[in-house]
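S.K.: requesting a structural model of the entry that follows:
(one chain, ligands or ions: 2)
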Amino acid sequence: MSSIDIKLYNSLTRSKTRFEPLDPQNVRMYVCGPTVYDYAHIGNARPVIVFDVLFRLLRRHFGTDHVTYARNITDVDDKINKRANDEYPDIPINKAISEVTSRTEKQFHDDIEQLGVLPPTVEPRATEHIAQMRVMIEQLIANGHAYVGENHVLFDVESMPNYGSLANRSVDEMEAGARVDVAPYKKSPMDFVLWKPSSDKEPGWPSPAGIEVPGRPGWHIECSAMSEEHLGKVFDIHGGGVDLVFPHHENELAQSCCAHGTEKMAQVWMHNGFLQVEGEKMSKSLGNFITINELLDSTSFGDRKWPGEVLRLAMLTTHYRQPIDFTVKALEVAEKTLSNWYNAIGDVDAAAEPTENDDVDQALRDDLNTPAAMAKLHAAFDDLRSNRNADGPARFKAMANQLGFLEGTLSSWSDGLNRGADIDEQAVNKLIIERLAARGEKNWARSDEIRDRLSNMGVQLKDGRDPNTGESITTWEIKR
Ligand code: AMP
Ligand code: ZN
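M.R.: Numbering: from 1, shown residues only. Ligands and ions are numbered 1, 2, ... in the order given. Next comes the predicted model:
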(Lines give C-alpha, C1' and ligand atoms only; values in the text may rest on other atoms or scores of the structure.)
(Ligands and ions follow the chains in the order given, each with its own letter.)
Protein backbone atom coordinates (compact mmCIF):
# COMPACT_ATOMS: atom_id res chain seq x y z
CA MET A 1 0.00 0.00 0.00
CA SER A 2 1.39 3.40 -0.88
CA SER A 3 1.48 6.25 1.60
CA ILE A 4 0.79 8.97 -0.96
CA ASP A 5 -2.45 10.74 -0.27
CA ILE A 6 -4.12 11.54 -3.57
CA LYS A 7 -7.91 11.76 -3.70
CA LEU A 8 -9.82 11.45 -6.95
CA TYR A 9 -13.50 11.63 -7.75
CA ASN A 10 -14.65 8.37 -9.29
CA SER A 11 -17.62 8.70 -11.69
CA LEU A 12 -18.38 4.99 -11.20
CA THR A 13 -18.87 5.14 -7.43
CA ARG A 14 -19.87 8.81 -7.48
CA SER A 15 -17.52 9.54 -4.61
CA LYS A 16 -14.12 11.03 -3.95
CA THR A 17 -11.78 8.38 -2.60
CA ARG A 18 -8.13 7.87 -1.92
CA PHE A 19 -6.24 6.67 -4.96
CA GLU A 20 -4.44 3.34 -4.51
CA PRO A 21 -2.74 2.17 -7.70
CA LEU A 22 -2.89 -1.54 -8.44
CA ASP A 23 0.89 -1.46 -8.85
CA PRO A 24 2.72 1.65 -7.61
CA GLN A 25 5.68 0.61 -9.78
CA ASN A 26 3.49 1.08 -12.85
CA VAL A 27 0.53 3.43 -12.47
CA ARG A 28 -1.63 3.10 -15.58
CA MET A 29 -3.98 5.67 -17.12
CA TYR A 30 -5.97 5.62 -20.36
CA VAL A 31 -7.63 8.72 -21.85
CA CYS A 32 -9.78 8.69 -24.98
CA GLY A 33 -8.07 10.84 -27.58
CA PRO A 34 -9.18 12.65 -30.71
CA THR A 35 -10.88 11.35 -33.82
CA VAL A 36 -8.55 12.66 -36.48
CA TYR A 37 -10.66 14.05 -39.30
CA ASP A 38 -10.46 17.80 -38.64
CA TYR A 39 -8.74 20.40 -36.44
CA ALA A 40 -9.23 19.77 -32.72
CA HIS A 41 -11.40 22.42 -31.05
CA ILE A 42 -10.83 24.12 -27.72
CA GLY A 43 -13.29 21.71 -26.04
CA ASN A 44 -11.00 18.84 -27.10
CA ALA A 45 -8.12 20.74 -25.48
CA ARG A 46 -9.77 20.41 -22.08
CA PRO A 47 -9.22 16.68 -21.43
CA VAL A 48 -5.76 16.96 -22.99
CA ILE A 49 -4.79 19.67 -20.47
CA VAL A 50 -6.62 18.24 -17.45
CA PHE A 51 -5.14 14.76 -17.78
CA ASP A 52 -1.73 16.28 -18.45
CA VAL A 53 -1.96 17.89 -15.00
CA LEU A 54 -2.85 14.49 -13.54
CA PHE A 55 -0.03 12.78 -15.46
CA ARG A 56 2.45 15.30 -14.03
CA LEU A 57 1.08 14.78 -10.50
CA LEU A 58 1.36 10.99 -10.76
CA ARG A 59 4.89 11.21 -12.15
CA ARG A 60 5.98 13.45 -9.30
CA HIS A 61 4.66 11.05 -6.68
CA PHE A 62 5.26 7.63 -8.20
CA GLY A 63 8.32 8.49 -10.32
CA THR A 64 8.70 9.55 -13.93
CA ASP A 65 9.32 5.98 -15.07
CA HIS A 66 6.51 4.49 -13.03
CA VAL A 67 3.51 5.95 -14.83
CA THR A 68 2.15 4.71 -18.15
CA TYR A 69 -0.23 7.11 -19.84
CA ALA A 70 -1.97 5.93 -23.01
CA ARG A 71 -3.96 8.42 -25.08
CA ASN A 72 -5.26 6.92 -28.29
CA ILE A 73 -5.78 8.25 -31.78
CA THR A 74 -9.09 7.23 -33.34
CA ASP A 75 -8.29 6.76 -37.00
CA VAL A 76 -11.22 4.53 -37.96
CA ASP A 77 -14.48 6.42 -38.03
CA ASP A 78 -17.27 7.19 -40.47
CA LYS A 79 -16.56 10.94 -40.24
CA ILE A 80 -13.02 10.18 -41.43
CA ASN A 81 -14.36 8.05 -44.30
CA LYS A 82 -16.65 10.84 -45.41
CA ARG A 83 -13.88 13.41 -45.29
CA ALA A 84 -11.52 11.13 -47.23
CA ASN A 85 -14.12 10.39 -49.92
CA ASP A 86 -15.02 14.09 -50.25
CA GLU A 87 -11.45 15.35 -50.39
CA TYR A 88 -9.82 12.60 -52.43
CA PRO A 89 -12.56 11.01 -54.56
CA ASP A 90 -10.08 9.64 -57.10
CA ILE A 91 -7.60 7.72 -55.00
CA PRO A 92 -8.07 4.36 -53.23
CA ILE A 93 -9.96 4.76 -49.95
CA ASN A 94 -7.15 3.50 -47.69
CA LYS A 95 -4.71 5.99 -49.19
CA ALA A 96 -7.26 8.81 -48.93
CA ILE A 97 -7.89 7.97 -45.29
CA SER A 98 -4.23 7.92 -44.49
CA GLU A 99 -3.82 11.37 -46.10
CA VAL A 100 -6.58 12.79 -43.90
CA THR A 101 -5.53 11.10 -40.66
CA SER A 102 -1.79 11.72 -40.90
CA ARG A 103 -2.30 15.40 -41.69
CA THR A 104 -4.84 15.84 -38.88
CA GLU A 105 -2.75 13.93 -36.38
CA LYS A 106 0.27 16.11 -37.08
CA GLN A 107 -1.85 19.22 -36.70
CA PHE A 108 -3.17 17.94 -33.37
CA HIS A 109 0.35 17.34 -32.07
CA ASP A 110 1.58 20.76 -33.22
CA ASP A 111 -1.40 22.46 -31.58
CA ILE A 112 -1.24 20.73 -28.21
CA GLU A 113 2.52 21.06 -27.95
CA GLN A 114 1.91 24.79 -27.66
CA LEU A 115 -0.40 24.14 -24.70
CA GLY A 116 2.53 22.81 -22.70
CA VAL A 117 1.24 19.23 -22.80
CA LEU A 118 3.71 16.38 -22.24
CA PRO A 119 3.55 13.56 -24.78
CA PRO A 120 1.77 10.53 -23.33
CA THR A 121 3.83 7.38 -22.81
CA VAL A 122 2.06 5.63 -25.68
CA GLU A 123 -0.28 6.90 -28.34
CA PRO A 124 -1.88 3.84 -29.89
CA ARG A 125 -3.77 4.06 -33.17
CA ALA A 126 -6.95 2.10 -33.75
CA THR A 127 -5.85 0.88 -37.20
CA GLU A 128 -2.79 -0.74 -35.62
CA HIS A 129 -4.91 -2.81 -33.22
CA ILE A 130 -7.48 -4.40 -35.49
CA ALA A 131 -6.13 -7.91 -34.75
CA GLN A 132 -6.54 -7.36 -30.99
CA MET A 133 -10.10 -6.12 -31.56
CA ARG A 134 -10.91 -9.27 -33.56
CA VAL A 135 -9.58 -11.46 -30.74
CA MET A 136 -11.70 -9.63 -28.20
CA ILE A 137 -14.80 -9.93 -30.34
CA GLU A 138 -14.24 -13.71 -30.62
CA GLN A 139 -13.88 -13.87 -26.83
CA LEU A 140 -17.17 -12.03 -26.36
CA ILE A 141 -18.94 -14.42 -28.71
CA ALA A 142 -17.40 -17.43 -26.96
CA ASN A 143 -18.50 -16.09 -23.56
CA GLY A 144 -22.08 -15.61 -24.75
CA HIS A 145 -21.96 -11.80 -24.70
CA ALA A 146 -22.02 -11.15 -28.44
CA TYR A 147 -23.78 -12.55 -31.51
CA VAL A 148 -23.65 -12.29 -35.29
CA GLY A 149 -26.47 -10.79 -37.36
CA GLU A 150 -26.34 -9.95 -41.06
CA ASN A 151 -22.52 -9.70 -41.14
CA HIS A 152 -22.48 -7.51 -38.03
CA VAL A 153 -21.32 -8.54 -34.57
CA LEU A 154 -23.43 -7.08 -31.76
CA PHE A 155 -22.88 -6.88 -28.04
CA ASP A 156 -25.80 -8.48 -26.21
CA VAL A 157 -26.65 -5.92 -23.54
CA GLU A 158 -29.07 -8.25 -21.75
CA SER A 159 -26.25 -10.71 -21.13
CA MET A 160 -24.66 -8.28 -18.68
CA PRO A 161 -26.81 -7.80 -15.56
CA ASN A 162 -25.09 -4.62 -14.36
CA TYR A 163 -24.93 -2.85 -17.73
CA GLY A 164 -25.59 0.85 -17.02
CA SER A 165 -23.61 1.05 -13.77
CA LEU A 166 -21.33 3.85 -15.00
CA ALA A 167 -24.11 5.93 -16.52
CA ASN A 168 -26.12 5.06 -13.38
CA ARG A 169 -29.24 4.34 -15.35
CA SER A 170 -31.31 1.25 -16.00
CA VAL A 171 -31.45 -0.19 -19.49
CA ASP A 172 -35.04 1.03 -19.82
CA GLU A 173 -34.08 4.59 -18.92
CA MET A 174 -31.16 4.51 -21.32
CA GLU A 175 -33.33 3.16 -24.07
CA ALA A 176 -35.82 5.98 -23.55
CA GLY A 177 -33.15 8.68 -23.40
CA ALA A 178 -30.70 7.60 -26.06
CA ARG A 179 -30.98 7.74 -29.79
CA VAL A 180 -30.63 4.01 -30.31
CA ASP A 181 -30.71 2.53 -33.76
CA VAL A 182 -33.35 -0.09 -34.24
CA ALA A 183 -32.05 -2.54 -36.83
CA PRO A 184 -33.30 -5.92 -38.05
CA TYR A 185 -30.02 -7.64 -37.13
CA LYS A 186 -30.26 -6.57 -33.46
CA LYS A 187 -31.94 -8.68 -30.78
CA SER A 188 -32.58 -5.56 -28.72
CA PRO A 189 -32.33 -1.90 -29.72
CA MET A 190 -29.73 -1.26 -26.98
CA ASP A 191 -27.31 -3.84 -28.41
CA PHE A 192 -24.36 -2.03 -29.92
CA VAL A 193 -22.06 -2.76 -32.83
CA LEU A 194 -18.69 -4.44 -32.29
CA TRP A 195 -18.04 -5.03 -35.97
CA LYS A 196 -19.82 -4.05 -39.18
CA PRO A 197 -19.45 -4.87 -42.87
CA SER A 198 -17.67 -2.38 -45.17
CA SER A 199 -18.43 -1.35 -48.74
CA ASP A 200 -15.54 -0.57 -51.08
CA LYS A 201 -15.91 3.14 -50.18
CA GLU A 202 -15.14 2.20 -46.59
CA PRO A 203 -11.97 0.76 -45.04
CA GLY A 204 -12.19 -2.97 -44.51
CA TRP A 205 -10.27 -5.79 -42.80
CA PRO A 206 -10.88 -9.55 -42.61
CA SER A 207 -13.85 -10.07 -40.31
CA PRO A 208 -14.05 -12.18 -37.12
CA ALA A 209 -16.64 -14.86 -36.34
CA GLY A 210 -16.50 -16.51 -39.76
CA ILE A 211 -18.10 -13.51 -41.47
CA GLU A 212 -16.98 -13.71 -45.06
CA VAL A 213 -17.16 -10.07 -46.15
CA PRO A 214 -14.59 -7.51 -45.01
CA GLY A 215 -15.58 -5.20 -42.22
CA ARG A 216 -14.47 -2.61 -39.70
CA PRO A 217 -14.78 -2.19 -35.95
CA GLY A 218 -17.41 -0.16 -34.12
CA TRP A 219 -16.09 2.79 -32.11
CA HIS A 220 -16.09 1.41 -28.56
CA ILE A 221 -14.16 -1.82 -29.13
CA GLU A 222 -10.97 0.04 -30.08
CA CYS A 223 -10.44 1.48 -26.60
CA SER A 224 -11.10 -1.88 -24.91
CA ALA A 225 -8.53 -3.55 -27.16
CA MET A 226 -5.90 -0.80 -26.98
CA SER A 227 -6.13 -0.35 -23.21
CA GLU A 228 -5.70 -4.11 -22.72
CA GLU A 229 -2.72 -4.18 -25.06
CA HIS A 230 -0.89 -1.29 -23.39
CA LEU A 231 -2.17 -1.28 -19.81
CA GLY A 232 -3.55 -4.75 -19.10
CA LYS A 233 -7.02 -6.14 -18.43
CA VAL A 234 -7.59 -3.94 -15.38
CA PHE A 235 -5.81 -0.63 -14.92
CA ASP A 236 -5.94 2.43 -12.66
CA ILE A 237 -7.56 5.46 -14.28
CA HIS A 238 -9.78 5.88 -17.30
CA GLY A 239 -10.57 9.43 -18.42
CA GLY A 240 -12.30 11.57 -21.00
CA GLY A 241 -14.97 14.24 -21.35
CA VAL A 242 -18.32 13.83 -19.63
CA ASP A 243 -20.03 13.27 -23.01
CA LEU A 244 -18.20 9.95 -23.19
CA VAL A 245 -19.82 8.43 -20.06
CA PHE A 246 -22.65 7.09 -22.13
CA PRO A 247 -22.53 5.29 -24.44
CA HIS A 248 -18.78 5.17 -25.10
CA HIS A 249 -17.37 4.38 -21.65
CA GLU A 250 -20.35 2.29 -20.56
CA ASN A 251 -19.76 0.13 -23.63
CA GLU A 252 -16.00 -0.05 -23.21
CA LEU A 253 -16.55 -1.23 -19.65
CA ALA A 254 -19.10 -3.84 -20.77
CA GLN A 255 -16.80 -5.20 -23.49
CA SER A 256 -13.68 -5.39 -21.34
CA CYS A 257 -15.32 -6.92 -18.27
CA CYS A 258 -17.32 -9.47 -20.28
CA ALA A 259 -14.38 -10.47 -22.48
CA HIS A 260 -12.04 -10.93 -19.52
CA GLY A 261 -14.45 -12.04 -16.84
CA THR A 262 -13.29 -9.18 -14.61
CA GLU A 263 -15.32 -7.05 -12.23
CA LYS A 264 -13.68 -3.83 -13.33
CA MET A 265 -12.03 -2.31 -16.35
CA ALA A 266 -10.48 0.64 -14.51
CA GLN A 267 -10.40 1.42 -10.81
CA VAL A 268 -11.24 5.09 -11.22
CA TRP A 269 -13.26 6.74 -13.99
CA MET A 270 -12.72 10.48 -14.38
CA HIS A 271 -14.66 12.90 -16.58
CA ASN A 272 -14.03 16.54 -17.34
CA GLY A 273 -16.98 18.91 -17.64
CA PHE A 274 -17.98 20.51 -20.91
CA LEU A 275 -16.67 23.73 -22.35
CA GLN A 276 -18.90 26.38 -23.87
CA VAL A 277 -17.98 29.67 -25.50
CA GLU A 278 -19.24 33.08 -24.33
CA GLY A 279 -22.25 31.42 -22.68
CA GLU A 280 -23.28 29.21 -25.57
CA LYS A 281 -22.72 25.63 -26.63
CA MET A 282 -19.94 25.62 -29.19
CA SER A 283 -21.30 24.74 -32.60
CA LYS A 284 -20.47 25.37 -36.21
CA SER A 285 -23.96 26.68 -36.92
CA LEU A 286 -23.75 29.31 -34.15
CA GLY A 287 -20.43 30.52 -35.56
CA ASN A 288 -18.70 30.19 -32.18
CA PHE A 289 -16.78 27.04 -32.99
CA ILE A 290 -13.10 27.65 -32.25
CA THR A 291 -10.24 25.34 -33.05
CA ILE A 292 -7.07 25.32 -30.95
CA ASN A 293 -5.22 26.35 -34.06
CA GLU A 294 -7.42 29.40 -34.68
CA LEU A 295 -6.85 30.57 -31.15
CA LEU A 296 -3.08 30.23 -31.49
CA ASP A 297 -2.54 31.30 -35.06
CA SER A 298 -5.38 33.49 -36.28
CA THR A 299 -7.10 36.58 -34.96
CA SER A 300 -10.61 35.15 -34.99
CA PHE A 301 -11.15 35.06 -31.19
CA GLY A 302 -10.83 38.46 -29.53
CA ASP A 303 -9.16 39.91 -32.65
CA ARG A 304 -5.72 38.59 -31.77
CA LYS A 305 -3.55 35.51 -31.40
CA TRP A 306 -3.09 33.94 -27.97
CA PRO A 307 -0.08 32.09 -26.58
CA GLY A 308 -0.93 28.47 -25.75
CA GLU A 309 -0.01 28.96 -22.12
CA VAL A 310 -2.79 31.54 -21.80
CA LEU A 311 -5.33 29.00 -22.97
CA ARG A 312 -3.91 26.47 -20.52
CA LEU A 313 -4.16 28.88 -17.60
CA ALA A 314 -7.66 30.02 -18.53
CA MET A 315 -8.73 26.37 -18.71
CA LEU A 316 -7.26 25.40 -15.33
CA THR A 317 -8.86 28.32 -13.50
CA THR A 318 -12.04 26.23 -13.39
CA HIS A 319 -12.14 22.86 -11.64
CA TYR A 320 -12.10 20.07 -14.21
CA ARG A 321 -15.49 18.64 -13.22
CA GLN A 322 -17.30 21.97 -13.58
CA PRO A 323 -18.60 23.26 -16.88
CA ILE A 324 -16.39 26.04 -18.21
CA ASP A 325 -17.43 29.19 -20.01
CA PHE A 326 -14.62 30.18 -22.32
CA THR A 327 -14.44 33.94 -22.91
CA VAL A 328 -12.09 36.56 -24.34
CA LYS A 329 -12.21 38.19 -20.91
CA ALA A 330 -10.88 35.02 -19.26
CA LEU A 331 -8.00 34.91 -21.75
CA GLU A 332 -7.16 38.55 -21.05
CA VAL A 333 -7.08 37.90 -17.31
CA ALA A 334 -4.95 34.76 -17.82
CA GLU A 335 -2.50 36.67 -19.96
CA LYS A 336 -2.14 39.44 -17.39
CA THR A 337 -1.44 36.84 -14.70
CA LEU A 338 1.24 35.15 -16.79
CA SER A 339 2.85 38.47 -17.69
CA ASN A 340 3.10 39.33 -13.99
CA TRP A 341 4.54 35.94 -13.18
CA TYR A 342 7.09 35.98 -16.00
CA ASN A 343 8.16 39.49 -15.03
CA ALA A 344 8.74 38.23 -11.52
CA ILE A 345 10.90 35.25 -12.53
CA GLY A 346 12.75 37.15 -15.26
CA ASP A 347 15.30 34.97 -16.98
CA VAL A 348 15.60 32.39 -14.23
CA ASP A 349 15.76 29.24 -16.29
CA ALA A 350 16.09 26.38 -13.85
CA ALA A 351 13.34 25.72 -11.36
CA ALA A 352 14.22 24.85 -7.78
CA GLU A 353 13.83 21.22 -6.75
CA PRO A 354 10.14 20.87 -5.91
CA THR A 355 9.59 20.47 -2.20
CA GLU A 356 7.54 17.51 -1.05
CA ASN A 357 4.01 18.45 -0.12
CA ASP A 358 4.00 22.11 -1.01
CA ASP A 359 0.71 24.02 -1.16
CA VAL A 360 0.16 23.64 -4.90
CA ASP A 361 0.81 19.93 -4.70
CA GLN A 362 -1.57 19.59 -1.79
CA ALA A 363 -4.37 21.29 -3.74
CA LEU A 364 -3.76 19.06 -6.75
CA ARG A 365 -3.84 15.93 -4.62
CA ASP A 366 -7.39 16.88 -3.67
CA ASP A 367 -9.09 15.73 -6.89
CA LEU A 368 -6.98 18.07 -9.03
CA ASN A 369 -8.25 21.20 -7.35
CA THR A 370 -6.65 23.59 -9.83
CA PRO A 371 -8.59 26.70 -8.67
CA ALA A 372 -7.17 26.15 -5.16
CA ALA A 373 -3.71 25.53 -6.66
CA MET A 374 -4.00 28.82 -8.57
CA ALA A 375 -4.96 30.64 -5.37
CA LYS A 376 -1.80 29.24 -3.77
CA LEU A 377 0.24 30.47 -6.71
CA HIS A 378 -1.28 33.94 -6.44
CA ALA A 379 -0.40 34.01 -2.73
CA ALA A 380 3.14 32.80 -3.44
CA PHE A 381 3.47 35.50 -6.09
CA ASP A 382 2.46 38.21 -3.59
CA ASP A 383 5.03 36.78 -1.22
CA LEU A 384 7.68 36.79 -3.90
CA ARG A 385 7.06 40.46 -4.63
CA SER A 386 7.25 41.50 -1.00
CA ASN A 387 10.27 39.39 0.05
CA ARG A 388 12.89 39.22 -2.62
CA ASN A 389 14.85 36.14 -1.59
CA ALA A 390 17.56 35.07 -3.99
CA ASP A 391 15.96 31.67 -4.56
CA GLY A 392 12.38 33.06 -4.62
CA PRO A 393 11.98 33.10 -8.42
CA ALA A 394 13.33 29.55 -8.83
CA ARG A 395 11.02 28.31 -6.08
CA PHE A 396 8.02 30.08 -7.57
CA LYS A 397 8.86 28.59 -10.94
CA ALA A 398 8.95 25.10 -9.44
CA MET A 399 5.49 25.60 -7.94
CA ALA A 400 4.06 26.84 -11.23
CA ASN A 401 5.74 24.04 -13.19
CA GLN A 402 3.56 21.53 -11.36
CA LEU A 403 0.63 22.86 -13.39
CA GLY A 404 2.74 23.11 -16.53
CA PHE A 405 3.13 26.92 -16.25
CA LEU A 406 6.30 29.05 -16.45
CA GLU A 407 8.33 26.47 -18.30
CA GLY A 408 9.93 29.28 -20.31
CA THR A 409 11.58 32.54 -19.28
CA LEU A 410 10.58 36.20 -19.53
CA SER A 411 12.37 36.40 -22.90
CA SER A 412 10.61 33.40 -24.41
CA TRP A 413 7.27 34.67 -23.08
CA SER A 414 7.84 38.14 -24.57
CA ASP A 415 8.87 36.64 -27.92
CA GLY A 416 5.65 34.64 -27.92
CA LEU A 417 3.59 37.75 -27.18
CA ASN A 418 5.25 39.70 -29.96
CA ARG A 419 4.52 36.92 -32.40
CA GLY A 420 0.96 36.86 -31.11
CA ALA A 421 0.66 40.57 -31.66
CA ASP A 422 1.18 40.21 -35.41
CA ILE A 423 -1.57 42.23 -36.90
CA ASP A 424 -3.73 40.75 -39.60
CA GLU A 425 -3.51 43.53 -42.21
CA GLN A 426 -6.35 42.20 -44.28
CA ALA A 427 -8.69 42.30 -41.30
CA VAL A 428 -7.57 45.85 -40.46
CA ASN A 429 -8.14 47.09 -44.01
CA LYS A 430 -11.54 45.48 -44.12
CA LEU A 431 -12.56 47.22 -40.91
CA ILE A 432 -11.26 50.56 -42.19
CA ILE A 433 -13.37 50.24 -45.33
CA GLU A 434 -16.39 49.37 -43.19
CA ARG A 435 -15.71 52.43 -41.04
CA LEU A 436 -15.43 54.72 -44.05
CA ALA A 437 -18.77 53.43 -45.28
CA ALA A 438 -20.30 54.03 -41.84
CA ARG A 439 -18.95 57.59 -41.86
CA GLY A 440 -20.36 58.09 -45.36
CA GLU A 441 -23.77 57.20 -43.90
CA LYS A 442 -23.11 59.48 -40.90
CA ASN A 443 -23.38 56.42 -38.67
CA TRP A 444 -21.00 57.84 -36.07
CA ALA A 445 -21.80 55.21 -33.46
CA ARG A 446 -20.71 52.41 -35.80
CA SER A 447 -17.67 54.38 -36.90
CA ASP A 448 -16.57 54.83 -33.27
CA GLU A 449 -17.25 51.20 -32.50
CA ILE A 450 -14.93 50.12 -35.31
CA ARG A 451 -12.25 52.59 -34.22
CA ASP A 452 -12.39 51.13 -30.68
CA ARG A 453 -12.22 47.61 -31.99
CA LEU A 454 -9.14 48.46 -34.02
CA SER A 455 -7.65 50.18 -31.02
CA ASN A 456 -8.09 46.95 -29.04
CA MET A 457 -6.17 45.18 -31.78
CA GLY A 458 -3.33 47.65 -31.22
CA VAL A 459 -4.10 49.73 -34.31
CA GLN A 460 -4.09 53.54 -34.22
CA LEU A 461 -6.12 55.27 -36.95
CA LYS A 462 -5.26 58.63 -38.48
CA ASP A 463 -7.91 60.44 -40.45
CA GLY A 464 -6.61 63.02 -42.90
CA ARG A 465 -6.71 64.24 -46.49
CA ASP A 466 -4.75 63.11 -49.48
CA PRO A 467 -2.39 66.06 -50.14
CA ASN A 468 -2.82 65.70 -53.90
CA THR A 469 -6.49 65.02 -54.33
CA GLY A 470 -7.91 66.48 -51.12
CA GLU A 471 -9.98 63.32 -50.59
CA SER A 472 -10.41 62.11 -47.02
CA ILE A 473 -8.25 59.10 -46.27
CA THR A 474 -7.52 56.95 -43.25
CA THR A 475 -4.09 55.58 -42.51
CA TRP A 476 -3.08 53.37 -39.61
CA GLU A 477 -0.11 52.44 -37.55
CA ILE A 478 0.68 50.00 -34.80
CA LYS A 479 0.38 51.59 -31.36
CA ARG A 480 3.59 51.52 -29.39
P1 AMP B 1 -13.90 13.52 -29.80
O2 AMP B 1 -12.81 13.74 -30.82
O3 AMP B 1 -15.19 14.20 -30.09
O4 AMP B 1 -14.06 12.04 -29.46
O5 AMP B 1 -13.42 14.21 -28.44
C6 AMP B 1 -12.14 14.04 -27.87
C7 AMP B 1 -12.20 14.41 -26.41
O8 AMP B 1 -12.66 15.77 -26.23
C9 AMP B 1 -13.18 13.56 -25.59
O10 AMP B 1 -12.59 13.27 -24.34
C11 AMP B 1 -14.39 14.46 -25.44
O12 AMP B 1 -15.13 14.14 -24.29
C13 AMP B 1 -13.74 15.81 -25.29
N14 AMP B 1 -14.64 16.94 -25.64
C15 AMP B 1 -15.29 17.13 -26.82
N16 AMP B 1 -16.01 18.28 -26.81
C17 AMP B 1 -15.78 18.86 -25.59
C18 AMP B 1 -16.23 20.09 -24.96
N19 AMP B 1 -17.01 20.97 -25.59
N20 AMP B 1 -15.81 20.33 -23.70
C21 AMP B 1 -14.99 19.47 -23.05
N22 AMP B 1 -14.53 18.31 -23.57
C23 AMP B 1 -14.92 18.00 -24.84
ZN1 ZN C 1 -12.43 5.45 -25.63
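
S.K.: how close does the residue in the stretch 301-450 of the chain that ligand 1 sits nearest to get to ligand 2?
M.R.: Going by CB to the nearest ligand atom, ligand 1 is nearest to Ile324 of the stretch 301-450 of the chain, at 7.5 Å. (Glycine included, C-beta is placed from N, CA and C.) Per CB to the ion, to the nearest Å, Ile324 is found 22 Å from ligand 2.

S.K.: cool, and Ala84?
M.R.: 22 Å.

S.K.: give me the neighbour count for the residue of the stretch 301-450 of the chain closest to ligand 1.
M.R.: Burial of Ile324 is recorded as 22 neighbouring residues (other CB atoms under 10 Å).

S.K.: residue contacts, it?
M.R.: Neighbouring residues of Ile324 by CB atoms under 8 Å, 6 or more residues apart in numbering: 46, 273-276, 315, 318.

S.K.: same check, this time on Ala84
M.R.: Contacts of Ala84 (CB under 8 Å, 6+ apart): 93, 96-97, 99-100.

S.K.: show me which of the residues you listed is closest to ligand 1.
M.R.: Val100 (14.0 Å).

S.K.: can I take it that that closest one is in a strand?
M.R.: No: using DSSP: H, G, I helix; E, B strand; the rest coil, the assignment for Val100 is helix, not a strand.

S.K.: can you select the buried ones among the contacts of Ala84 for me in PyMOL?
M.R.: PyMOL command restricting the contacts of Ala84 to the buried ones, with burial defined by 16 or more other CB atoms under 10 Å:
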select buried, resi 93+96+97+100
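
S.K.: any chance of the contacts of Ala84 in a markdown table, plus pLDDT and distance to Thr35?
M.R.: Formatted as a markdown table, the contacts of Ala84 follow (pLDDT from 0 to 100; distance: CB to CB, whole Å):
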| residue | pLDDT | distance to Thr35 |
| --- | --- | --- |
| Ile93 | 92 | 17 |
| Ala96 | 95 | 16 |
| Ile97 | 95 | 12 |
| Glu99 | 95 | 16 |
| Val100 | 96 | 11 |
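
S.K.: redo the contacts of Ala84 as TSV? Include distance to Ala351.
M.R.: Shown next, in TSV, are the contacts of Ala84 (distance: CB to CB, whole Å):
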residue	distance to Ala351
Ile93	49
Ala96	46
Ile97	43
Glu99	42
Val100	40
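
S.K.: among the contacts of Ile324, who's most crowded?
M.R.: The contacts of Ile324, ranked by neighbours (other CB under 10 Å): first place Met315, 24 neighbours.

S.K.: quick check: mean pLDDT of whichever strand or helix holds it?
M.R.: Assigned by DSSP states H and E, Met315 falls within helix 308-316. The average of the pLDDT scores along helix 308-316 is 98.

S.K.: and stretch 233-250, by the same measure?
M.R.: On average, stretch 233-250 scores 97.

S.K.: next: stretch 157-177.
M.R.: Stretch 157-177 comes out at a mean pLDDT of 88.

S.K.: ok, and does it reach over to ligand 2?
M.R.: No: counting by CB under 5 Å from the ion, ligand 2 is not contacted by stretch 157-177; separation bottoms out at 12.4 Å.

S.K.: go on, stretch 13-29?
M.R.: No: using CB under 5 Å from the ion, stretch 13-29 never reaches ligand 2; the gap is at least 12.7 Å.

S.K.: report the buried residues of that stretch.
M.R.: Residues of stretch 13-29 classed as buried: 19, 21, 24, 26-29 (neighbour count, 16+ other CB under 10 Å).

S.K.: just to check, Asp5 is in contact with Arg18?
M.R.: Yes: judged on CB atoms under 8 Å, Asp5 makes contact with Arg18 at a distance of 6.5 Å.

S.K.: around ligand 1, pick out the residues from this protein.
M.R.: Residues of the chain lying near ligand 1 by CB under 6 Å from any ligand atom: 32, 34-35, 43-44, 46-47, 240-241, 243-244, 272, 274-275, 282.

S.K.: quick check: chain neighbours aside, which residue is closest to the closest residue to ligand 2 within the stretch 201-350 of the chain?
M.R.: As assessed by CB to the ion, ligand 2 sits closest to Cys223 within the stretch 201-350 of the chain, at 3.1 Å. Nearest non-adjacent residue to Cys223, counting by CB to CB, 6 or more residues apart in numbering: Glu252, 4.9 Å away.

S.K.: surely Lys186 is within a helix?
M.R.: No: Lys186 sits outside any helix when classified using three-state DSSP, being coil.

S.K.: next one: it from ligand 2, what distance?
M.R.: Relative to ligand 2, and taking CB to the ion, Lys186 is found at 22 Å.

S.K.: is the closest residue to that residue other than its chain neighbours bridged to anything, and to what?
M.R.: Using CB to CB, 6+ apart and skipping the chain neighbours, the partner closest in space to Lys186 is Leu154 (5.7 Å). The partner list for Leu154 in beta bridges (DSSP bridges) reads Tyr147, Val193.

S.K.: list the contacts for Leu154?
M.R.: 146-148, 185-187, 191-194.

S.K.: quick revisit: surely the residue of the stretch 201-350 of the chain closest to ligand 2 is in contact with Arg71?
M.R.: No: under the criterion of CB under 8 Å, Cys223 makes no contact with Arg71, lying 10.6 Å away.

S.K.: in terms of neighbours, single out the busier of the two.
M.R.: Neighbour tally, Cys223 and Arg71, criterion other CB under 10 Å: the higher count belongs to Cys223, 31 against 24.

S.K.: give me the pLDDT for the more buried one.
M.R.: For Cys223, pLDDT reads 98.

S.K.: what about it, which SS state?
M.R.: helix.

S.K.: now swap in the one 3 residues further on and tell me
M.R.: Per three-state DSSP, the secondary structure class of Met226 is helix.

S.K.: so it makes contact with Gln132?
M.R.: Yes: under the criterion of CB under 8 Å, Met226 makes contact with Gln132 at 7.4 Å.

S.K.: that older thread, tell me how far the residue of the stretch 201-350 of the chain closest to ligand 2 lies from ligand 1.
M.R.: 10 Å (CB to the nearest ligand atom, to the nearest Å).

S.K.: what's the neighbour count on whatever residue of the chain ends up closest to ligand 1?
M.R.: The nearest approach of the chain to ligand 1 comes at Gly241, 1.9 Å away (CB to the nearest ligand atom). Look at Gly241: counted by other CB under 10 Å, it has 19 neighbours.
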